[in-house]
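Asks: here's my sequence, what's the structure:
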Amino acid sequence: MAGDLEVALLAAGAADQVTLGAFRRPGLGVATKEDLTPVTDADRGAEAAVRHLLARQRPGDAVVGEEMGAEGQGTRRWFVDPIDGTANFVRGIPVWATLVGLEVGGEMQLGVVSAPALGRRWWAQRGSGAFAGPLGGPGERVQVSATSSLAASQVSWGELTASVIEVARRAKRCRGFGDFWSHVLVAEGACEVGLDPVVSVWDIAPLQVIVEEAGGKFTDFSGQARVDGGSAVSSNGLVHDEVIALLSGR
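Replies: Below is the predicted model:
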């Protein structure tokens with residue numbers, strides 16, 4: 001039987017086949033959801049492909065997805081964001097990814113981020129380190145940077161708010177890479193801080209374990225280590241307290 005990480009990688013691969021086939025394709029179906037964010041035929045098709053694979057490989061597990069909601073019950077829950085960065089996908093920008101994460105007993109145990117248009121994946125399993133590499137190829141272990149002050153840091157964000165601007169203003173360099181990319185860049189040591197002021201659990205569930213296994217820290221804006229707090233801060237850990245203090249107005 002395939003292990004959980006292997007299942008997650010297989011699920012990401014199934015999604016990649018759907019999303020890459022639809023990316024920059026003429027006639028892609030695009031709709032607007034109630035929250036005014038876009039959803040495409042590829043979002044729905046990719047999530048359906050992931051759910052189909054999980055139903056075969058882990059039939060007793062629950063699944064929570066952005067487009068198709070929650071299904072099943074139990075202490076094992078898979079979180080699926082079929083296309084994180086749908087707005088980029090629609091505009092032909094290659095910065096988007098499928099996110100797959102597994103929670104067991106209330107703790108995220110593994111995460112996979114697959115960005116096929118970038119030709120790259122990131123993955124981690126609790127206690128085994130974080131890795132990145134080309135699609136279908138071997139991965140190399142990644143780790144966060146050793147930068148110890150915000151003044152020397154690079155900060156990335158998903159959306160600009162007053163508190164995010166305050167953090168960015170104190171940093172050496174700031175760029176809005178956004179979505180999953182901010183956080184995996186932190187895990188790789190290319191950025192020190194990733195900020196998302198408004199997120200849903202499927203947007204960040206796999207990112208927490210990737211950042212933490214790379215030696216970093218991942219919390220909500222209040223400093224709580226959780227993926228359901230509605231916001232997300234990833235960092236190399238060394239500048240985390242300084243960032244949280246600014247976000248809290250302290």
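Asks: pLDDT averaged over stretch 6-14 - what is it?
Replies: Stretch 6-14 shows an average pLDDT of 97 in the prediction.
Asks: so what are the domain limits for this structure?
Replies: The domain map for the chain lists 4-142, 150-247, with the assignment taken from automatic domain parsing.
Asks: and residue 138, what's its pLDDT?
Replies: Predicted confidence (pLDDT) for residue 138: 86.
Asks: same question for residue 25.
Replies: Listed pLDDT for residue 25 reads 92.
Asks: what do you get for the one 4 residues further on?
Replies: Residue 29 is assigned a predicted lDDT (pLDDT) of 89.
Asks: picking up where we left off before, which of the domains of the chain sits most buried?
Replies: For the domains of the chain, average neighbour numbers computed from mean count of other C-beta atoms under 10 Å are highest in domain 150-247, which has a mean of 21. Placement of C-beta: from N, CA and C, glycine included.
Asks: quick one: mean pLDDT over it.
Replies: In this model, domain 150-247 has an average pLDDT of 96.
Asks: which helix is the longest one in this protein?
Replies: Identified as the longest helix of the chain according to DSSP state H is helix 4-22.
Asks: and residue 64, how close does it get to residue 19?
Replies: Per C-beta to C-beta, to the nearest Å, residue 64 is found 19 Å from residue 19.
Asks: same check, this time on residue 49
Replies: Here the criterion is C-beta to C-beta. By it, residue 49 lies 9 Å from residue 19.
Asks: likewise residue 91?
Replies: Note on residue 91: its distance to residue 19, by C-beta to C-beta, is 14 Å.
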